[in-house]
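> Sequence and predicted structure below; questions after.
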Amino acid sequence: MEKRILLVDDEPSILDVCKRYLDREGYLVWTALNGEEAIRLWKNNDFTLIILDLMMPIMDGWKVCEAIRESDDIPIIFLTAKGEEYDRLVGLTIGANDYITKPFNPRELVLRVNSICRLLEYRNYSHVTDQDHSSMITTDPFTINAVNREVFLNQKRIDLTMKEFDLLYLLASHPKQVFSRSQLLYQVWQTEFDGDTTTVTVHIRRLREKVEENPSAPKFIQTVWGIGYKFMPCEIQ
């Protein structure tokens, strides 16, 4: 299957070098010089992964990522000259899958892209295999259909992003089982952020906002302090 990469940076020299390295690996690469062009290309193409510079004119990478994350969980690698811990954490929090600080070796970028693409293939294979065994979870008050990726809460359909659905499906598939944040990061994202699990915490919070009557006192997706989270359906509370 063709792997299509969107490469976004306002420096033509970086675009040229990175594109040549990715071309050699067999990727099909589209390039954009600013955020608005990136959004236009993303809307009109089916990309496997996005490599996104943060500091750009017209529309910066933060805003591009936030716009994409409203409806798409496509992997995003941030490129930035900012190496401070705060910027890295903010990037991961708003939805980045990886983070490379400039200047960088293009070979490192290729290795990061290869790693994410391999994990995507593994996750997609695992997802299909899991569907063969159990495509429907019915646990009061939820009905979760893995084939159609639909969730009903009290018989009312709720809209979840891809990662929110994957988190809920994993937790609901193992009621009362405690998952650490690192386990959820690996199971759902199939990757690790050097031990940084901020993105898990953020996605759990957003998921609770959609499925909990009172997200600050959750009934279904409960925190196990010092460890992680577990799913508690009504019938066993």
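Sure thing, it's come through.
> Now do Ile51 against Val178, distance only.
According to C-beta to C-beta, to the nearest Å, Ile51 stands 36 Å off from Val178. To be clear about C-beta, it is placed using only N, CA and C from the backbone, and glycine gets the same treatment.
> of those two, who's got more company?
Using other C-beta atoms under 10 Å as the criterion, Ile51 and Val178 rank with Ile51 on top: 26 against 15.
> What's opposite that one in the beta bridge?
Leu7, Ile77 (DSSP bridges).
> Correct me if wrong: it contacts Cys18.
Yes. Judged on C-beta atoms under 8 Å, Ile51 makes contact with Cys18 at a distance of 7.0 Å.
> where does the chain have its least confident helix or strand?
helix 85-93 (a mean of 63; mean pLDDT, DSSP states H and E).
> Overlap of the contact sets of Ile51 and Cys18?
Shared contacts of Ile51 and Cys18 (C-beta atoms under 8 Å, 6 or more residues apart in numbering): 7, 9, 109.
> and Gly26, what element?
Remark: Gly26 resides in no helix or strand, with elements defined by DSSP states H and E.
> what does Met59 give?
Short version: Met59 belongs to no helix or strand, going by DSSP H and E.
> same check, this time on Val200
helix 198-211.
> helix/strand/coil for the residue most central in space within the chain?
Nearest to the mean C-alpha position of the chain, counting by C-alpha atoms, centre = their mean, stands Asp73 at 4.7 Å. Here Asp73 is recorded as coil under DSSP: H, G, I helix; E, B strand; the rest coil.
> For it, which non-adjacent residue is closest in space?
Closest residue to Asp73 apart from its sequence neighbours, by C-beta to C-beta, 6 or more residues apart in numbering: Met162 at 3.9 Å.
> neighbours around the one you found, how many?
Count around Met162 with other C-beta under 10 Å applied: 13.
> Quick check: it vs Asp53, distance?
24 Å.
> And Val188, by the same measure?
From Val188 over to Asp53 the distance is 26 Å, taken as C-beta to C-beta.
> likewise Thr31?
Applying C-beta to C-beta to Thr31 and Asp53 gives a distance of 11 Å.
> quick one, which of those two is more surrounded?
Neighbour tally, Thr31 and Asp53, criterion other C-beta under 10 Å: the higher count belongs to Asp53, 25 against 19.
> okay, now the domains of this structure?
4-123, 134-236 (automatic domain parsing).
> Leu22: neighbour count?
By other C-beta under 10 Å, the residues close to Leu22 number 22.
> can you list contacts of the strand or helix carrying it?
Using DSSP H and E, Leu22 maps to helix 12-24. Under the criterion C-beta under 8 Å, 6+ apart, residues 5, 7, 9, 29, 31, 33, 51, 53, 79, 102, 106-107, 109-110, 113 lie in contact with helix 12-24.
> among those, which ones are buried?
5, 7, 9, 29, 31, 33, 51, 53, 79, 109-110, 113 (16 or more other C-beta atoms under 10 Å).
> Flag whichever of those scores worst on pLDDT.
The member of the buried ones among the contacts of helix 12-24 with the lowest pLDDT is Leu79, and it reads 87.
> Got phi/psi on that residue?
Main-chain torsions, Leu79, degrees, to the nearest 10: phi -110, psi 130.
> which secondary structure elements does the one helix or strand Lys43 maps to contact?
Taking DSSP H and E as the definition, Lys43 sits inside helix 35-44. When contacts are defined as 3 or more C-beta pairs under 8 Å, 6 or more residues apart in numbering; DSSP states H and E, helix 35-44 sits against strand 4-8, strand 28-32, strand 49-53, helix 61-69.
> between the third one and helix 61-69, what angle do the directions make?
It stands for strand 49-53. Here strand 49-53 runs at an angle of 160 degrees relative to helix 61-69 (axes from the mean of the first three to the mean of the last three C-alpha atoms, to 10 degrees).
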